[in-house]
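**Student:** Whatever this is, show me its structure:
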Amino acid sequence: MDTFPKVVLLFSGKRKSGKDFVTERLIQRLGTDDCVILRLSGPLKKQYALENNLDFERLLDSTNYKEQFRSDMICWGEEKRRQDPGFFCRVATSGEDSKKPVWIISDARRKTDAEYFKTNFPNITKTIRVTASESVRESRGFVFTQGIDDAESECDLDDIDFDFVIINNGDEAVLGKHLQDIENSVDNIWQR
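**Tutor:** Sure thing, here's the model as predicted:
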């Protein structure tokens, strides 16, 4: 049996930068037979929903439902991370889907997330930052919220060097070029 994964693509970006949109576009290009999108926030939101009697599925989407619980959920998740920095990374990558060779982690938010993957999967992890101008993010519903947009969950990865930066301002040609560069990198890593 092959050892999995063969490639880890670790995406991060500010709220409303389009991380989910970009990762969905990438998986369409790479194919679902070999790739899976894994969300670090999934295990966090599932446990938070259970403990607070909330609708887990609605916490996964980008609606106002999630936004009304975001601040409390962040505090709750931070406490879990203080106890075990790699907890959510391990849970997110332990399911049946994690047997696919290309992992697209769509929502890295902290240095501990990047350290976990770079330590456990050295030489096959690429970090990718999704960016969008503030006006584009605002057109997608972004409103700066103190205590959220200036918190560690939004800012901890601001000062790291990324392997790739994707500009996601709605220009299909620019996005296509960025996705092609990542696809080429996946091919190069896979063939090692």
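**Student:** roughly how far apart are the residue nearest to Trp190 when sequence neighbours are not counted and Arg129?
**Tutor:** Nearest residue to Trp190, sequence neighbours excluded (Cβ to Cβ, 6 or more residues apart in numbering): Lys6, at 5.5 Å. All C-beta atoms are positioned from the backbone trio N, CA, C, and that covers glycine. For Lys6, the distance to Arg129 equals 22 Å [Cβ to Cβ, to the nearest Å].
**Student:** what does Trp190 give?
**Tutor:** 22 Å.
**Student:** Between these two, which has more neighbouring residues?
**Tutor:** Comparing Trp190 with Arg129 by neighbour count (other Cβ atoms under 10 Å), the higher total belongs to Arg129, at 22 against 13.
**Student:** Just the element for that one, please.
**Tutor:** Per DSSP states H and E: Arg129 is located in strand 125-131.
**Student:** Contacts for the next helix-or-strand element following that strand next, please.
**Tutor:** Later in the chain than strand 125-131, the nearest helix or strand by DSSP H and E is helix 134-139. Contacts to helix 134-139, defined as Cβ atoms under 8 Å, 6 or more residues apart in numbering, come from residues 14-17, 142, 168-170.
**Student:** Please tell me I have it right and the residue nearest to Trp190 contacts Val102.
**Tutor:** Yes. Using Cβ atoms under 8 Å, Lys6 is in contact with Val102, at 6.6 Å.
**Student:** Give the full set of residues in contact with the residue most central in space within the chain.
**Tutor:** Central residue of the chain (Cα atoms, centre = their mean): Asp107, 1.6 Å from the mean position. The contact partners of Asp107, taken as Cβ under 8 Å, 6+ apart, are 11-12, 19, 39-41.
**Student:** Report how many residues lie close to Arg29.
**Tutor:** Look at Arg29: counted by other Cβ under 10 Å, it has 13 neighbours.
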